[in-house]
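# test case, fold it:
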Amino acid sequence: MKRGLESPDPVARRLFGGKTKIPRMMPSPSRNKSVAQKSAQILPGAKPTAPQRTQTSKPKPAAQPQRRPLSTTTRTNTRTQPGTKKASNTRVQAQPPPVAVVQTGISMEDYQTLLTRCTNAETKLAQQAAQYQAMQQTSQTLQNTCVELQQHLAVANESKQQLAGQLSVAHEGFSTMKVELTATKQTLDMEKSTSDGLRTQVHELKDKVARQAEIEVLAVQERKRLHNAIQELKGNIRVFARVRGPDQAVNHLEFPDKLDSRQLSIAQTSASVSGVESVKKHPFSFDKVFGPAAAQDEVFSEISQLVQSALDGYRVCVFAYGQTGSGKTFTMEGECQQGDTSNPRRGVIPRAVDQIFEEAERVKELGWEYTLECQFVEIYNEELRDLLADPATYNKGMQSPRGVGKTAPRHEIKIEGDMATVTNITIETVTRSGTVASLLAKASKARATASTQHNDRSSRSHSIFTLRIRGTNEATGQKSEGCLNLIDLAGSERLSSELGRTEEQKKREKEATCINSSLSCLKDVIVALAGKKAHVPYRNSKLTWLLSPCLGGDCKTLMFVNISPDSDKEHVSESLNSLRFATTVNSCEIGTARRKVR
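Numbers count the residues shown, from 1 in each chain. Predicted structure coming up:
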């Protein structure tokens, strides 16, 4: 172990005579006196003196005597005195004599300061030694890390060389693909040029086809417009024929006119006296013919202009004629539920009301306001009945019985100007299209129906739905008053030889008699109008009297003749009678329609 530490402090140098080593252990201030006494014994001529503080002025430097190096320990040999035990050689902690302090005149305070500095220097040296050791460890770690990095770098260089080789191969492949892509692009450009030429030709052909189709449609529309104009100028009743949708194939009916759909041919099979059967075809031509596959919207689209005419102020009459079970009620009413405007099976009545409301809403911006009122009556056994009245009002003894013991109000037909009215009738104000569905449901429950040979629920009365449309334009002061009559005639049916045996059969016989009688009166009226006779027998039937303004007046009239698809002999005979009657109606002139506007 080193005896002392080197100190650059000038005080230490002055104290120890310029020596660079100072003792490690120094005496404490409490033992200065004993140390001084021992120093006087060791150094002859030195007087023990108490430690004194140095003067403010620096003392003159004294001659430096030769000093032996101080050691931290001294070995002392003590002689045994008489009467004492023999002393043993012991190693004791020696206190360095403060000779330099005494000789140089350095104060104990400076000495303590120097001692403190030496202690601090030792502490710093120890810390630096620890830091040095830590730095050596860190250096070793860094060396190891450097070796690992060198190894990784060598591996990376190898990978780099491999990737460089792969990149070179990829460049060669890319060059090849670039050449192929250029060739493919040239080929595509050529094909695109060819395709553009073909596409141009296709567009030209499509344009030609579209123009041709437009020309055909315009031609058909123009033909229809001219035909309708001729019919209106002639005042004829327009007739549409419709075949009910069958459950089986229709072989005895043919529709030779595929473009205009105006012709219908029905084949009738008859047997001679010898039993040989022969087939005879009867051709008919009408304003429009609807086959079995025709939908309700297709049928209504053909009469939508008549509905528009009612809104414009014309009187319009649409009625369905045909044998029992031919689809008259389905054509006029269809399947209608309240609030359901998307049902494709809705009939003419709900669709007509929907169109009127839509058109009335559209012309509001032009200042027109419309009010709609409707009534619904039936003619049962030549009696007028209110289908919108209280269900307990009548007692008909049908499937929908009325109240018993109540007297029904009497209804009479009155012709006021160019419109027929019924007394004591229920008139409903229609504010929205959905109201009509509930009215139709109510009327359907009240209407007289019964089971017949050809229909399980046959209508045994004529029903007339009347919608009066009044419009006012405050901006121009114009007023219009139109009327739409939609009539579902009872089905014609031949009387059975089995009728008359029971009370129920007697009722069916009376109903059939009244129905056939009223239809016969309608035919007489049509024949009289077609022959321009002076007297037209309107009053022979309640039906013809109620329809007299529509048949003989200046309104627009259209008739549906409904045909059954059944091919048995009886149905074919009834279908021929209906078609012949419709042909007579189509030739009837009732005068040119006039708009009622004030």
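
# can you give me the strands for the stretch 51-200 of the chain?
Secondary structure of the stretch 51-200 of the chain (DSSP state E, counting those that start in this stretch): strands at 73-76, 90-93.

# I meant the stretch 451-598 of the chain, not that one.
Taking DSSP E, counting those that start in this stretch, the strands of the stretch 451-598 of the chain run over residues 458-459, 462-473, 478-488, 556-563.

# where does the stretch 301-450 of the chain dip in pLDDT?
The stretch 301-450 of the chain contains residues with pLDDT under 70 at 337-340, 391-408, 448-450.

# max-length helix in the chain?
Ranked by residue count, the top helix of the chain under DSSP state H comes out as helix 108-234.

# which elements pack onto it?
Applying 3 or more CB pairs under 8 Å, 6 or more residues apart in numbering; DSSP states H and E, one finds that helix 108-234 contacts strand 4-6, helix 10-15. Every residue, glycine included, has its C-beta placed from N, CA and C.

# mind listing what Gly322 touches?
Gly322 is in contact with Lys328, Leu489, Gly491, Ser492, Phe560, Val561, Asn562, Ile563, Ser564, Ser578, counting by CB atoms under 8 Å, 6 or more residues apart in numbering.

# can you rerun that using 6 Å?
Contacts for Gly322 (CB atoms under 6 Å, 6 or more residues apart in numbering) come out as Lys328, Val561, Asn562, Ser578.

# three-state assignment of the nearest residue to the first one once chain neighbours are set aside?
In space, and not counting its chain neighbours, Lys328 is closest to Ala320: 3.9 Å by CB to CB, 6 or more residues apart in numbering. In three-state terms, and counting by DSSP: H, G, I helix; E, B strand; the rest coil, Ala320 is strand.

# could you shift the numbering so residue one becomes 23, and keep it that way?
Right, with 23 as the first residue, what we last looked at is Ala342.

# just the CA coordinates of stretch 298-315, formatted as PDB?
Extracted in PDB, the C-alpha atoms of stretch 298-315 (Å, rounded to 0.1, in the frame of the first residue of the first chain):
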ATOM      1  CA  VAL A 298    -121.100 -35.800 -89.100                       C
ATOM      2  CA  GLU A 299    -119.500 -33.000 -87.200                       C
ATOM      3  CA  SER A 300    -118.300 -29.900 -88.900                       C
ATOM      4  CA  VAL A 301    -116.300 -26.900 -87.600                       C
ATOM      5  CA  LYS A 302    -117.200 -23.400 -88.700                       C
ATOM      6  CA  LYS A 303    -115.100 -20.300 -87.800                       C
ATOM      7  CA  HIS A 304    -116.800 -17.000 -87.100                       C
ATOM      8  CA  PRO A 305    -114.500 -14.000 -87.400                       C
ATOM      9  CA  PHE A 306    -115.200 -10.700 -85.500                       C
ATOM     10  CA  SER A 307    -113.500  -7.400 -85.400                       C
ATOM     11  CA  PHE A 308    -113.500  -4.800 -82.600                       C
ATOM     12  CA  ASP A 309    -111.700  -1.700 -81.500                       C
ATOM     13  CA  LYS A 310    -109.400  -3.900 -79.300                       C
ATOM     14  CA  VAL A 311    -109.200  -7.600 -78.500                       C
ATOM     15  CA  PHE A 312    -107.500  -8.800 -75.300                       C
ATOM     16  CA  GLY A 313    -106.400 -12.400 -75.100                       C
ATOM     17  CA  PRO A 314    -106.500 -14.700 -72.100                       C
ATOM     18  CA  ALA A 315    -103.000 -13.600 -71.000                       C
END
